[in-house]
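Participant: A predicted structure for the sequence below; I have some questions about it.
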Protein chains: 2
Amino acid sequence: MINKLVANIKKTNAPIVVGLDPMMKFIPEHIKAVAFAEFGETLEGAGEAIWQYNKAIVDAVYDLIPAVKPQIAMYEQFGIPGLVAFKRTVDYCKEKGLVVIGDIKRGDIGSTSEAYAVGHIGKVQVGSKKYRGFDEDFVTVNPYLGSDGVNPFINVGKEENTGIFVLVKTSNPSSGEFQDRLVDGKPLYEIVGEQVAAWGAEHMGDSYSYVGAVVGATYPEQGKILRKIMPKTYILVPGYGAQGGKGADLVHFFNEDGLGAIVNSSRGIIAAYQQEKYAKFGAEHFADASRAAVEDMIADINGALAAR
Amino acid sequence: MINKLVANIKKTNAPIVVGLDPMMKFIPEHIKAVAFAEFGETLEGAGEAIWQYNKAIVDAVYDLIPAVKPQIAMYEQFGIPGLVAFKRTVDYCKEKGLVVIGDIKRGDIGSTSEAYAVGHIGKVQVGSKKYRGFDEDFVTVNPYLGSDGVNPFINVGKEENTGIFVLVKTSNPSSGEFQDRLVDGKPLYEIVGEQVAAWGAEHMGDSYSYVGAVVGATYPEQGKILRKIMPKTYILVPGYGAQGGKGADLVHFFNEDGLGAIVNSSRGIIAAYQQEKYAKFGAEHFADASRAAVEDMIADINGALAAR
């Protein structure tokens, strides 16, 4: 799947990923009205509204982009009906040829991490049969528990040609609270980055590893350092747009070949119609606003890469 | 809920929690046969087998114990039907008066952590109504993202009288890979422990905080230090039994009042019938074997506490 991700990025010339993180306040009233009319103001109604909203956005942008990143928390908050909407979204995006990065930030130990891995990027055994519980191509993984927590994902990924993105330096203001602590003069995120490179060597694609890293757009200097520490690692970069990252900040996350990084935007794309810049589309044409925002984001990043 | 947890522990005189981590290989063949006869060897069949297995164990032990800790990964691996079994298990344990600690090890930032919090230990808004997606009393939380990731759980917990257990020093062999790194001569887990104590001061119950910590039974020396760093923090101690921890190793996780820690055992209880010690019960009476294993565990820990 890392080879497919690279191929999709080359084909679309768009090193971006659209974060499908549907919040109820992003979903236009007319979508909610139809869903609530059928299912009431219930968890099922919320799940239906999310699914219809996602589907319209995916239909509007799928030909422009290589990948999507649904954030499972935004679905899980609505319990089972929310997770049904997550699964429908993953399956639909895969039908459309998109690489799906499940932003699940799981991480446990041994057989427990293995259970998450088979459930999301592998197959689970039931008697004599095997099934995919969810069916992402990549998932995000938290490294705090060390190799015991990460290796089961790598092992399942090797069997299934699926992969992971490990949290290294997250985009939020307090990410430094633990991640920046100096260990023998070196911040913890660099030590984690070195380990990600080592894990990645165990599961390589053609030019990049199936073991990627998450490094926030809001920390461009750290991105520059981590780029060098992890040369074969694809970097998933959240924090563009709403969190403050700009195209010009992002060039050092990329390798010289223009590859090696994929930049995520969530509300900046899916709720574009709520921004002044795209207000002219109106709530009725929210998906067209998302398409325009995708085009602008691609131009911003490619412009910055061309200018470096 | 921390007050209810303490009350339940005093009432049962059992500072233990049963980990409901059903693996297919633990579930007796006769349970699986009935479930597969009804639903086939499908994800639904697996979910039904898990539910029937859990229900029998809970029915056999609920009067002896204060709390259960279902590990969501073991359900999530079976996709939606697995998560339906998780929800049924949580709801059933709450009906039985047990405190439910959802071992979900979630952790993200800002509105995303808030979504996990409302979904698991709070209520989510749908139009004019509010619902509980899942309905645990506590969940486990990963601290790698810092305060931005943890505070939303605390804030939701304050509204709902629910709480969290933050991973501090996990029970697995490689937990030291990052958690033991020395920051100015102090291991990272101590820094996290200090932060847990600070977070905990913001959301106190009568005698202990709603913000607990996870410290593995396999690291008794670290437990002793962390006990002092976090005097008002309930410590959830995994790693007893199957992972190698014994009652005598655990006394320093407790405060002088005999409170302050709750020790988890999963396969040691739920798959007791597969151990030589409890083989006499046979697979047919697996739940009675679990009850005997609970009684032995309580005696082991209380004996060690009495002898200190």
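Facilitator: Yep, that arrived. Numbers count the residues shown, from 1 in each chain, chains lettered A, B, ... in the order given.
Participant: Next, A:Gln195: secondary structure please.
Facilitator: Three-state call for A:Gln195 (DSSP: H, G, I helix; E, B strand; the rest coil): helix.
Participant: I figured it hits B:Glu177, correct?
Facilitator: Yes. Counting by CB atoms under 8 Å, A:Gln195 does reach B:Glu177; the two are 7.2 Å apart. To be clear about C-beta, it is placed using only N, CA and C from the backbone, and glycine gets the same treatment.
Participant: Show me whatever sits in contact with both of the two.
Facilitator: Contact criterion CB atoms under 8 Å, 6 or more residues apart in numbering or on different chains; residues shared by A:Gln195 and B:Glu177: A:Ser147.
Participant: any idea whether the closest residue to A:Gln179 other than its chain neighbours is helix, strand or coil?
Facilitator: In this structure, A:Gln179 finds its nearest non-sequential neighbour in A:Tyr189, 4.5 Å apart by CB to CB, 6 or more residues apart in numbering or on different chains. Under three-state DSSP, A:Tyr189 falls in the helix class.
Participant: likewise A:Gly102?
Facilitator: Per three-state DSSP, A:Gly102 ends up strand.
Participant: Was I right to think it contacts A:Val90?
Facilitator: Yes. Counting by CB under 8 Å, A:Val90 is a contact partner of A:Gly102 at 6.9 Å.
Participant: and A:Val166, backbone torsions?
Facilitator: Main-chain torsions, A:Val166, degrees, to the nearest 10: phi -90, psi 130.
Participant: A:Ala271 now?
Facilitator: According to degrees, to the nearest 10, A:Ala271 has phi -110, psi 30.
Participant: quick one, helices of the stretch 201-308 of chain A?
Facilitator: Listed in chain order, the helices of the stretch 201-308 of chain A (DSSP state H, counting those that start in this stretch) span A:220-229, A:267-270, A:286-307.
Participant: The last one - contacts with which helices or strands?
Facilitator: Which is helix A:286-307. Counting contacts by 3 or more CB pairs under 8 Å, 6 or more residues apart in numbering or on different chains; DSSP states H and E, helix A:286-307 is packed against strand A:16-20, helix A:43-61, strand A:261-265, helix A:267-270.
Participant: by how many degrees do that helix and strand A:261-265 diverge?
Facilitator: 150 degrees (axes from the mean of the first three to the mean of the last three CA atoms, to 10 degrees).
Participant: Mutual contacts of A:Gly102 and A:Val90, please.
Facilitator: With CB under 8 Å, 6+ apart as the test, A:Gly102 and A:Val90 both reach A:70, A:134, A:136.
Participant: What helix or strand is the first one located in?
Facilitator: I take that to be A:Pro70. According to DSSP states H and E, A:Pro70 maps onto strand A:67-70.
Participant: quick one: average pLDDT of the following helix or strand past that strand?
Facilitator: Heading C-terminal from strand A:67-70, the first helix or strand you meet, by DSSP H and E, is helix A:73-76. Mean pLDDT, helix A:73-76: 98.
Participant: Could you check the angle the following helix or strand past helix A:73-76 makes with helix A:43-61?
Facilitator: Counting by DSSP H and E, the element after helix A:73-76 in chain order, helix or strand, is helix A:79-95. Inter-element angle recorded for helix A:79-95 and helix A:43-61: 20 degrees (by the same axes, to 10 degrees).
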